[in-house]
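Enquirer: would you be able to build a 3D model of this:
(chains A and B)
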2 protein chains.
Amino acid sequence: MQLTILTFMERKKFNSSPCSIARSLDVLGDWWNPLILRECLYGNNRFDELQEWLGISRNILTRRLKELVENGLLEKSAYQNKPARYEYHLTEKGYDACTVLLALMQFGEHWYFNEGEHPIELRDKKTGDLVQPTIVDANTGKPITSKNLIPCPGPGFKAPQAILKRRFREYYENFS
Amino acid sequence: MQLTILTFMERKKFNSSPCSIARSLDVLGDWWNPLILRECLYGNNRFDELQEWLGISRNILTRRLKELVENGLLEKSAYQNKPARYEYHLTEKGYDACTVLLALMQFGEHWYFNEGEHPIELRDKKTGDLVQPTIVDANTGKPITSKNLIPCPGPGFKAPQAILKRRFREYYENFS
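Expert: As a prediction, this is how the structure comes out:
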């Protein structure tokens, strides 16, 4: 059911890119990392549980968990000594990263599952009520469709004006 | 500034996984694919523009564009003949996938850039007003924090009850 292909991948590092998407992908943009966060969100925090549910090799899982801890998304703690056994809990930053999972979930539900056959539902931890994540504009409360958006350089985009004008041509042609 | 490391990657296919996150990652979960969509959202749709702004090899770009077209996120069309030159436009599905970019953008801005130094801003295409994407619960309009959510199996999660009870232990312990 799941086909494993060994490929050469050019792994580029984006941690000094002037783009918040690229920097986030440095931490999240790999198949395993978001799926590990998903299991932690499900409440499967122990190494052995993660291995079982993800069907991932112990080697790869160890490396990915180390990365996620170093990047501040997970916290490692022992739940047992002799032999030592560890569990991994989402930090505040890790929970924040899970917002990206909510967006992936919505996209995947809409395009890869039939109506009414979605595999996962989300509930409020306190009330148990169903929760339906949706992206809105914080300023107006209206739903956002990326088709209606135009990206433009913000205060942190350091590049000569000539470059900006080429890269964000649509914006400059229409709005300034 | 950008370090390229050649690594062996085990590339697993998740296209029949019973998880909308995993299926979405099959299409998006690679560094280049979301960045290609980003450039298309910026309005840089031509092969040469994509290559220039992403600093990606023509080989890899060709392969990724083919994948994105096959998966229905981009549409290819010629903008010139003799020699033939192509551009790639977001489809409805592609725009929908960009919602994931909005979530990545928010996460990255908060954790990897100082306040007021965010590199990109989003504006409404018609009005030019700034837009601030935020995730809320469609049922209540209240902002969602993943810390307060508990995932539980939906109608499409096919697994024996004993498996569900182990995998979603927190949910079953608290809500049924």
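
Enquirer: buried ones in the longest helix belonging to chain A, by neighbour count?
Expert: Here the longest helix in chain A is taken by residue count, with DSSP state H as the criterion, and it is helix A:92-112. When burial is assessed from 16 or more other Cβ atoms under 10 Å in any protein chain shown, helix A:92-112 yields the following buried residues: A:93-109, A:111-112. No exception for glycine: its C-beta is placed from N, CA and C like everyone else's.

Enquirer: out of those, which touch chain B?
Expert: Intersecting the buried residues of helix A:92-112 with the surroundings of chain B, defined as Cβ under 8 Å from any Cβ of the partner chain, gives A:93, A:95-109, A:111-112.

Enquirer: just the pLDDT at the residue nearest in space to the middle of chain A, thanks.
Expert: Using Cα atoms, centre = their mean, the residue of chain A that lies closest to the mean C-alpha position is A:Val100, 4.1 Å off. pLDDT for A:Val100: 94.

Enquirer: all helices of chain A, in order?
Expert: Assigned helices in chain A, in chain order: A:20-28, A:32-42, A:47-54, A:58-70, A:92-112, A:161-167, A:169-175 (criterion: DSSP H).

Enquirer: who wins for proximity to B:Ala162 among those helices?
Expert: Shortest separation from B:Ala162 across these is recorded for helix A:47-54, at 13.7 Å, computed as Cβ to Cβ.

Enquirer: retrieve the pLDDT associated with the nearest residue to A:Cys40 once chain neighbours are set aside.
Expert: Residue nearest to A:Cys40 in three dimensions, not counting chain neighbours: A:Leu90, with 5.1 Å by Cβ to Cβ, 6 or more residues apart in numbering or on different chains. Note on A:Leu90: pLDDT of 97.

Enquirer: beta-bridge partners for A:Leu90, please?
Expert: Beta-bridge pairing for A:Leu90 (DSSP bridges): A:Leu74.

Enquirer: so where's chain A uncertain?
Expert: Chain A contains residues with pLDDT under 70 at A:1-11.

Enquirer: would you confirm that the residue nearest to A:Cys40 contacts A:Leu73?
Expert: Yes. Distance between A:Leu90 and A:Leu73: 7.1 Å, which falls inside the contact criterion (Cβ atoms under 8 Å).

Enquirer: what residues do the two have in common as contacts?
Expert: A:Leu37 (Cβ atoms under 8 Å, 6 or more residues apart in numbering or on different chains).

Enquirer: the two: who's more crowded?
Expert: Neighbours were counted for A:Leu90 and for A:Leu73 using other Cβ atoms under 10 Å in any protein chain shown; A:Leu73 has more, 26 against 20.

Enquirer: mind listing what the residue nearest to that one when sequence neighbours are not counted touches?
Expert: The shortest distance from A:Leu73 to any non-neighbouring residue, by Cβ to Cβ, 6+ apart, is to A:Gly94 (3.9 Å). Going by Cβ under 8 Å, 6+ apart, A:Gly94 touches A:Leu37, A:Cys40, A:Leu68, A:Gly72, A:Leu73, A:Leu74.

Enquirer: so the last one versus chain B, what's the distance?
Expert: What that stands for is A:Leu74. Between A:Leu74 and chain B the distance is 14 Å, computed by Cβ to the nearest Cβ, to the nearest Å.
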